[in-house]
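Novice: Just to be clear, the model below is a prediction. Sequence and coordinates:
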Amino acid sequence: SQQGEEDPQALSIQEGENATMNCSYKTSINNLQWYRQNSGRGLVHLILIRSNEREKHSGRLRVTLDTSKKSSSLLITASRAADTASYFCATDTGGGNKLTFGTGTQLKVEL
Amino acid sequence: DAGITQSPRYKITETGRQVTLMCHQTWSHSYMFWYRQDLGHGLRLIYYSAAADITDKGEVPDGYVVSRSKTENFPLTLESATRSQTSVYFCASSAYPGTSYEQYFGPGTRLTVT
């Protein structure tokens, strides 16, 4: 069963705009991670937020976590064409670093 | 080069045949994982391994077999391939339970079962 569900499924923006993706999950987590996947490639880890953290930044990325609502958001500021990719949230519920992935958001950044 | 590699990158096989997908990592990571990616399902965990000779089932293990005789290798075998196993397969590793929870993914194997 899917632990994480992303919203929206697809997002198209202009270069320079901000992109926000949301992830909802069902059970308690140890941490939540975001990954990027370029077309035809493997996934690349972007950022991890632990269950006791509310917000985390890494470069142009900002992740928030609301454990009471079982939701997270990923904000990419000042988007570039190179940010075009699929973005997945993944939850770690503890016990062996097993991740459960959402279905992903396809982001397209147009010039 | 250091990293995680998968072979073959593309494979076409017939229903009923046995197929083995290879995964090799050079970091000596303890944990390794196999996922399949299908449209509408995201990535689903098939099997994982905490160390050599320690493996366990994930969410969708039926029809698959794994082994891990060496830390660096984690092959996935489809004993009798079915069309429903047509998918893109990703291997990953992580340094858990060290300082990092992130997983490092290979480039994937696109498998088509005809």
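Specialist: On my side now, so go ahead.
Novice: Counting neighbours, what do you get for A:His57?
Specialist: 11 (other Cβ atoms under 10 Å in any protein chain shown). C-betas here are computed from N, CA, C, even on glycine.
Novice: any idea how far A:Thr103 lies from A:Thr91?
Specialist: 13 Å (Cβ to Cβ, to the nearest Å).
Novice: Now list whatever residues contact both of the two.
Specialist: Common neighbours of A:Thr103 and A:Thr91, counting by Cβ atoms under 8 Å, 6 or more residues apart in numbering or on different chains, are A:Gly4.
Novice: Pull the number of nearby residues for B:Gly3.
Specialist: B:Gly3 has 12 neighbours, counted by other Cβ under 10 Å.
Novice: Spatially, what comes nearest to it if we skip its sequence neighbours?
Specialist: Leaving aside its chain neighbours, B:Gly3 sits nearest to B:Thr26 (6.2 Å; criterion: Cβ to Cβ, 6 or more residues apart in numbering or on different chains).
Novice: pretty sure that neighbour contacts B:Thr71?
Specialist: No - applying Cβ atoms under 8 Å, one finds B:Thr26 not in contact with B:Thr71, separated by 10.4 Å.
Novice: Compare neighbour counts for the two and give me the winner.
Specialist: A side-by-side neighbour count of B:Thr26 and B:Thr71, using other Cβ under 10 Å, places B:Thr71 first with 17 against 12.
Novice: So which residues of chain B form strands?
Specialist: With strands called from DSSP state E, chain B shows them at B:4-7, B:10-13, B:19-25, B:31-38, B:42-51, B:54-57, B:64-66, B:76-78, B:87-94, B:103-105, B:109-113.
Novice: One more: chain A?
Specialist: Taking DSSP E as the test, the strands found in chain A are A:5-7, A:10-14, A:19-24, A:31-37, A:43-50, A:55-58, A:61-66, A:71-76, A:85-92, A:99-101, A:105-110.
Novice: ok, the most centrally placed residue in chain B - contacts?
Specialist: Nearest to the mean C-alpha position of chain B, by Cα atoms, centre = their mean, lies B:Trp34 at 2.9 Å. Neighbouring residues of B:Trp34 by Cβ under 8 Å, 6+ apart: B:21, B:23, B:45-48, B:58, B:64, B:66, B:74, B:76, B:89-92.
Novice: Relative to chain A, how far out is the closest residue to it other than its chain neighbours?
Specialist: Distances taken as Cβ to Cβ, 6+ apart place B:Ile46 nearest to B:Trp34, at 4.4 Å, with adjacent residues excluded. Distance from B:Ile46 to chain A, counting by Cβ to the nearest Cβ, to the nearest Å: 11 Å.
Novice: What pLDDT does the model give B:Ile46?
Specialist: Note for B:Ile46: predicted pLDDT of 97.
Novice: Before I go, just wanted to say thanks for your time.
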